[in-house]
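Asker: what follows is a protein structure lacking sequence information:
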């Protein structure tokens, strides 16, 4: 029974297991990846998906190649997750399993994962030519950067290489090549960049250039051979000495700088070559180089003239300097056209077409020659030349000659013939044949011309211009003027005459030049009523025949003025002294001469004065002893030409009476505001007078008095007067002497002195008032000062007896007993002019019996600097103040502290002074003299 149960249980379990296994194998399983390639340090995720996946676990497998064994991968979660993160390439599969009962799914599909390694593949060319030519080969190589010791295999693009897994290949066809390296079947690098190779079917041809094509004397030039678009060429250089000669190899395999220097002429070409089995280019273009020899070519002209004329015969020649025995060939360039092989041009009967720029050079062989000569410009003129005849002067001086010069402009080698005519209608005579200096001297007057000629068969110019030469005879012409006045006035009559010195019996003709105009044939001009138009420079000369004459006379300048001259009258004195005379002088305001004076008194229309009227002197002056108005004018010529009248001068007769200026009141100094009177007094005579004053600034009065009511500083100055007789023309006194008036702008301030200053019983006090000019009419006014406390001042009361002032400048006060103050001032004139008040003067008394008393505490005369002093006013008063002297009579308010009627003097403010009190009723106290020690 027990065995039966075990058997049944075993059958049940086996049946269950077999059922689970068969169910698992019927499940669909799928493996997927989020991408197929791992790049660099990245990873990717695989997902294993089992149909009805509940409760499954997973196993993961990897192969490194299709024929390698599968390796089961260990996972950290024991197969719980259906996802796996991987970072290696390979072939991946998965399956699912679970327990109770154990069951496994079949393996999933395989997923191939590729891994990109960080190494970099690079394709290189050896040699590194971007372009090769048919017949050349290059090696391409795949290099793995940072490949280390790894054994790499290679993939190439394109994949038509014979052994594509090798790392290098020789190629000779165009295309773009790239590669990559493989570590195994699923680990490889990225593809390299494409390197592109071009294979040209055309064989290259170098280019040969020269920095210049002519080698200068002793110099070199540079040849450059280059193959465009390719590199690593070396060059062979070839030279031919002529186009038909064989080429000679000069240099082989010149380094890649492609440049050589040459110093020989010839035909040059080059070719390039490169590679181990050298590949050659075609030959380059040829460059022809000319060598310049040191000899110099020069174009010369025979005959050598800068300008040739149509019809002349000339030779243009090419000369080689330092040519030695070389047999030269010649090249000519005329106006850029190359022609002629000989060394000279012979031109018979030159024409304008032969004009141009001529250059030449000599050639030793095909590639050696001189430089082109300097340009020689040949000018052939179609115009027959005409000489120019010039004279250094056209007038032959006395005993001298002139130089004639005949010249043809722009050409040379001329000889000259000179001809002379004695008149315009006479036949010309050949004077001489002039040599090449073109200059001759002649000493005869006449008409001259010349012509030039040159060459073996002489070619003549046209005749030159004609030059008229005048011969100067030794006689001298002079222009004179009658009458001979340097300045003529409109309306005068004159004669201008031409005189020939040592003229003999010759019958002269005359030429006149006035302001460069030639006119008049007679020997004189008669000008009636001259005008400004006759002014000018007059010259004349005498002529013996057509070509013989005197020199022009010196210029005589005739000036005719349109302004009628005016006489000027001058007197040495306008006043005739008693019993005397004055001298009058008449002059004409003119630079001309010949004037006679005409004198007039009274009206201009009156007859001129005679010797009966005045003393006429020969020097244009007269003496007169009679007063009146005098005139003059000048006259000259026949008929008489008169000037304008002069201005008039009034002449006065001086009477013996004397004028005097007086001042009322007669004070030496006047002050602003005073009233004064100036009076003009005429001595000795009871005649009625008119008066004339000279005063500063103000209008002159007509009468004999001048009243100044309020003088000011403007009235200061000098005053004088004179008298003129009424009803008697031109009779007057001389001017009085000056009286000087000074008006001061400062009001005078008198100075008051008091004596004595301190009273003793029975004393009298004397007041003295001093002004600056005490004797100048002053009266003095005396005042007593009365204190006025309301405005800290004084009022003044006249002292007895001084209401009208006192003549004395002192005043005596008898028997005063109290301290008192006084002032004074002065006054003068009518109305009274007062000075300022004087400063107050004081007389001091120590009498304490007045209505006001000054008490000092401490009560002593002398005090010390350490003391404080109090001054007190006592008495019957309502107001009182303490005053001191000196210190400007100020009261205590201004210089000390005061309490009621007590003044307190602080220690640091103490000084010697006199002190007293003043009451509101106008009374003074006793005075105290305080001394500080």
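Answerer: Okay, I see it. What you see is a predicted model; the values in this text were computed from it and never measured.
Asker: low-confidence ranges in the stretch 51-200 of the chain?
Answerer: Low-confidence regions of the stretch 51-200 of the chain, defined here as pLDDT under 70, cover residues 53, 100, 162.
Asker: can you pull out the strands in it?
Answerer: 57-63, 71-73, 83-86, 90-98, 103-104, 111-116, 120-126, 131-133, 138-145, 153-157, 168-171, 175-184, 187-188, 195-200 (DSSP state E, counting those that start in this stretch).
Asker: quick check: buried residues in stretch 803-813?
Answerer: Counting neighbours by 16 or more other CB atoms under 10 Å, one finds that the buried residues in stretch 803-813 are 805, 806, 809, 811, 813. Yep, even glycine has a C-beta here, placed from its N, CA and C like the rest.
Asker: follow-up on the earlier one: same list (the strands of the stretch 51-200 of the chain) but as TSV, adding distance to residue 319 and mean neighbour count.
Answerer: As requested, those are exported to TSV (distance: least, CB to CB, whole Å; neighbours: other CB atoms under 10 Å):
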stretch	distance to residue 319	mean neighbour count
strand 57-63	103	19
strand 71-73	107	12
strand 83-86	101	15
strand 90-98	99	21
strand 103-104	121	18
strand 111-116	87	17
strand 120-126	64	17
strand 131-133	55	20
strand 138-145	63	17
strand 153-157	77	18
strand 168-171	68	15
strand 175-184	69	19
strand 187-188	87	20
strand 195-200	56	16
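Asker: can I get those strands in TSV including distance to residue 741?
Answerer: Listed next are the strands of the stretch 51-200 of the chain as TSV, based on distance: least, CB to CB, whole Å:
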stretch	distance to residue 741
strand 57-63	148
strand 71-73	148
strand 83-86	138
strand 90-98	146
strand 103-104	161
strand 111-116	134
strand 120-126	129
strand 131-133	128
strand 138-145	129
strand 153-157	138
strand 168-171	139
strand 175-184	132
strand 187-188	139
strand 195-200	129
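Asker: nearest to residue 514, of those?
Answerer: Nearest of those to residue 514, taken as CB to CB: strand 131-133 at 102.4 Å.
Asker: quick one, what contacts residue 454?
Answerer: Counting by CB atoms under 8 Å, 6 or more residues apart in numbering, residue 454 touches 303, 305, 413, 414, 415.
Asker: assumed the second one was part of a helix.
Answerer: Just to be clear, that refers to residue 305. No: under DSSP: H, G, I helix; E, B strand; the rest coil, residue 305 falls outside any helix and is assigned coil.
Asker: how many residues are close by it?
Answerer: 20 (other CB atoms under 10 Å).
Asker: all strands for the stretch 751-900 of the chain, in order.
Answerer: Along the stretch 751-900 of the chain, counting by DSSP E, counting those that start in this stretch, strands occupy 751-755, 765-770, 779-788, 793-798, 810-813, 820-828, 833-834, 841-843, 852-857, 862-863, 869-875, 880-885, 897-899.
Asker: quick check, pLDDT for residue 520.
Answerer: The pLDDT attached to residue 520 in the predicted structure is 67.
Asker: state the helix or strand in which residue 666 lies.
Answerer: In this structure, residue 666 is located outside every helix and strand according to DSSP states H and E.
Asker: what are the phi and psi angles of it?
Answerer: Backbone dihedrals for residue 666, given as degrees, to the nearest 10, come out at phi -90, psi 80.
Asker: what's around it, how many residues?
Answerer: 10.
Asker: okay, the closest residue to residue 373 other than its chain neighbours: pLDDT?
Answerer: Once flanking residues are discounted, residue 373 sits nearest to residue 297: 4.0 Å by CB to CB, 6 or more residues apart in numbering. Residue 297 carries a pLDDT score of 94 in this model.
Asker: now the one 4 residues further on
Answerer: According to the predicted model, the pLDDT of residue 301 comes to 91.
Asker: flag the shaky bits of the stretch 601-750 of the chain, pLDDT-wise.
Answerer: Where the stretch 601-750 of the chain drops into low confidence, which here means pLDDT under 70, it does so at 605.
Asker: how about the strands of it, start to end?
Answerer: In the stretch 601-750 of the chain, the strands defined using DSSP E, counting those that start in this stretch lie at 615-616, 621-624, 628-636, 641-642, 649-654, 658-664, 670-671, 676-683, 689-694, 705-708, 717-725, 731-732, 739-741, 743-744.
Asker: Throw these into TSV and include mean neighbour count and distance to residue 67, thanks.
Answerer: Shown next, in TSV, are these (neighbours: other CB atoms under 10 Å; distance: least, CB to CB, whole Å):
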stretch	mean neighbour count	distance to residue 67
strand 615-616	14	173
strand 621-624	18	166
strand 628-636	21	161
strand 641-642	18	160
strand 649-654	18	163
strand 658-664	17	164
strand 670-671	23	154
strand 676-683	17	161
strand 689-694	18	158
strand 705-708	15	158
strand 717-725	19	153
strand 731-732	20	170
strand 739-741	16	157
strand 743-744	17	151
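Asker: any chance of CSV for those strands, columns distance to residue 446?
Answerer: Formatted as CSV, these follow (distance: least, CB to CB, whole Å):
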stretch, distance to residue 446
strand 615-616, 65
strand 621-624, 64
strand 628-636, 49
strand 641-642, 49
strand 649-654, 70
strand 658-664, 91
strand 670-671, 100
strand 676-683, 94
strand 689-694, 85
strand 705-708, 95
strand 717-725, 87
strand 731-732, 85
strand 739-741, 92
strand 743-744, 97
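Asker: relative to residue 489, which of those strands is closest?
Answerer: Smallest distance to residue 489 across the strands of the stretch 601-750 of the chain (CB to CB): 6.6 Å, for strand 641-642.
Asker: which elements pack onto that closest one?
Answerer: Using 3 or more CB pairs under 8 Å, 6 or more residues apart in numbering; DSSP states H and E as the contact criterion, the neighbours of strand 641-642 among helices and strands are strand 628-636.
Asker: between the strand it packs on and strand 649-654, how many degrees?
Answerer: 140 degrees (axes from the mean of the first three to the mean of the last three CA atoms, to 10 degrees).
Asker: turn the strands of the stretch 751-900 of the chain into TSV, including distance to residue 326 and mean pLDDT.
Answerer: As requested, the strands of the stretch 751-900 of the chain are exported to TSV (distance: least, CB to CB, whole Å; pLDDT from 0 to 100):
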stretch	distance to residue 326	mean pLDDT
strand 751-755	133	96
strand 765-770	135	97
strand 779-788	141	94
strand 793-798	137	91
strand 810-813	144	96
strand 820-828	136	95
strand 833-834	133	94
strand 841-843	139	94
strand 852-857	147	88
strand 862-863	142	75
strand 869-875	142	86
strand 880-885	138	84
strand 897-899	137	52
